[in-house]
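>>> here is a sequence together with a model predicted from it:
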Amino acid sequence: MNVILALIIIPLVIFLITWLFQWLWNITVPGIFGLREITFWEAFRLIIMAGILFGGGRWTNIGG
């Protein structure tokens with residue numbers, strides 16, 4: 001039961017976080033910096049890149 005619930009909840013949370021990031025970008029950045037609006041998949045890729053650069057791996061317990 002927990003596996004099934006996780007298979008439903010995890011993609012939903014990823015979708016919501018990506019949608020929120022896209023929405024915040026599109027209402028903020030184009031007006032301030034003159035950049036274009038981004039798509040859902042561009043927002044998803046930016047979140048992945050930010051996780052790799054700034055926080056990727058913190059959830060692992062390697063060597064300690």
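Yes, it's here.
>>> how about the helices in the protein?
Counting by DSSP state H, one finds helices in the chain at the ranges 2-33, 40-50.
>>> tell me the confidence at residue 59?
In this model, residue 59 is scored at 57, pLDDT.
>>> would you mind listing the buried residues in stretch 11-24?
Buried residues in stretch 11-24, counting neighbours by 16 or more other Cβ atoms under 10 Å, are found at 18, 21, 22. Using the backbone N, CA and C atoms, a C-beta is placed for each residue, glycine as well.
>>> how far away is residue 14 from residue 44?
According to Cβ to Cβ, to the nearest Å, residue 14 and residue 44 sit 8 Å apart.
>>> swap in residue 18?
Counting by Cβ to Cβ, the gap from residue 18 to residue 44 is 5 Å.
>>> residues that sit against both of the two, list them.
Contact with both residue 18 and residue 44 is made by no residue, according to Cβ atoms under 8 Å, 6 or more residues apart in numbering.
>>> torsion angles phi and psi at residue 37?
Here is the backbone geometry of residue 37 (degrees, to the nearest 10): phi -70, psi 160.
>>> please consider this matter closed, and thank you.
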